[in-house]
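[1] Need a 3D model of the sequence below.
(2 chains)
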Amino acid sequence: DTEVTQTPKHLVMGMTNKKSLKCEQHMGHRAMYWYKQKAKKPPELMFVYSYEKLSINESVPSRFSPECPNSSLLNLHLHALQPEDSALYLCASSHGTGEVYEQYFGPGTRLTVT
Amino acid sequence: KNQVEQSPQSLIILEGKNCTLQCNYTVSPFSNLRWYKQDTGRGPVSLTIMTFSENTKSNGRYTATLDADTKQSSLHITASQLSDSASYICVVRENSGGYQKVTFGTGTKLQVIP
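    Just a heads-up that it's a prediction; the model follows:
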């Protein structure tokens, strides 16, 4: 199984809602990532988890809250988002965070904030 | 600041024709360079990885080259197919110890028409 799955595929939420994005992999990878991608732009790194611990937070606003309950699962909790947060949210995983490890990307969650 | 620039920004070619995409980078110290293919609304998928000592690498109809002296890479697509229509992203990883930060290029949007 070389797949990273993400749910939901699409999400529409109001600015006062609380929702969560879910990412799962069963490749035994110990590093997991959240990226944000706006239209026609490259992905921007948000968070890196290594061995279930948050190792990098790229100065992401606190309305985005990551969680790694176990080595296979990564969540992104959303609260009080702004319309400019609308984007494709990509999850990725890799064996480790070293240079030789390829990141495998999920299909993404298309988020629209109204 | 590390940068990865790609050209052209977009490209339209006829099915069966060849094309070459360019990537110039300023990332230093250099670790490796990957070319990804990203279909619209999907996560990126790795095509090739180039390390410092590699000049050329092929993956089916895709051939990547790397000139580490001039900090340039190219992706050549041979006998294009309609399914090659996608964005192609050049991603360069720096070798700075610990988590090696990656810098994404802006991408080239390729459209193959019949």
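
[2] can you tell me how far A:G108 sits from chain B?
    5 Å (C-beta to the nearest C-beta, to the nearest Å). C-betas here are computed from N, CA, C, even on glycine.

[3] same thing with A:L90?
    From A:L90 to chain B the distance is 5 Å (C-beta to the nearest C-beta).

[4] got it, and A:N70?
    In terms of C-beta to the nearest C-beta, A:N70 sits 21 Å off from chain B.

[5] Please name the nearest non-neighbouring residue to that residue.
    Distance criterion C-beta to C-beta, 6 or more residues apart in numbering or on different chains; nearest residue to A:N70, sequence neighbours excluded, is A:E52 at 6.8 Å.

[6] Show me what the residue sitting nearest the centre point of chain A bridges to in the sheet.
    Taking C-alpha atoms, centre = their mean as the criterion, A:W34 is the residue nearest the geometric centre of chain A, at 2.9 Å. Taking DSSP bridges, one obtains A:F47, A:C91 as the residues bridged to A:W34.

[7] For A:V12, give the beta-bridge partners.
    Here A:V12 sits in beta bridges with A:T112, going by DSSP bridges.

[8] Could you pull up phi and psi at B:S83?
    For B:S83, the backbone dihedrals (degrees, to the nearest 10) come out as phi -70, psi -10.

[9] so what's it up against?
    B:V112 (C-beta atoms under 8 Å, 6 or more residues apart in numbering or on different chains).

[10] list the contacts for B:N24?
    B:V4, B:E5, B:Q6, B:S7, B:K71, B:Q72.

[11] Quick check, pLDDT for it.
    Per-residue pLDDT puts B:N24 at 97.

[12] how near is the residue lying closest to B:G43 once chain neighbours are set aside to B:T40?
    Leaving aside its sequence neighbours, B:G43 sits nearest to A:F105 (C-beta to C-beta, 6+ apart; 3.1 Å). Distance of A:F105 to B:T40, computed by C-beta to C-beta, to the nearest Å: 14 Å.

[13] What is the neighbour count of A:K53?
    Applying other C-beta atoms under 10 Å in any protein chain shown, we find 8 other residues in the vicinity of A:K53.

[14] Looking at A:F105 and B:T40 now, which is surrounded by more residues?
    A:F105 (22 against 10).

[15] Now the phi/psi pair for the more buried one, please.
    When read as degrees, to the nearest 10, the backbone of A:F105 gives phi -100, psi 150.

[16] How about the contacts made by it?
    Listed by C-beta under 8 Å, 6+ apart, the contact partners of A:F105 are A:V4, A:Y35, A:L90, A:C91, A:A92, B:G43, B:P44, B:V45.

[17] Give me the helix or strand of chain B that scores worst on average pLDDT.
    Lowest mean confidence among the helices and strands of chain B (mean pLDDT, DSSP states H and E): strand B:102-104, at a mean of 87.
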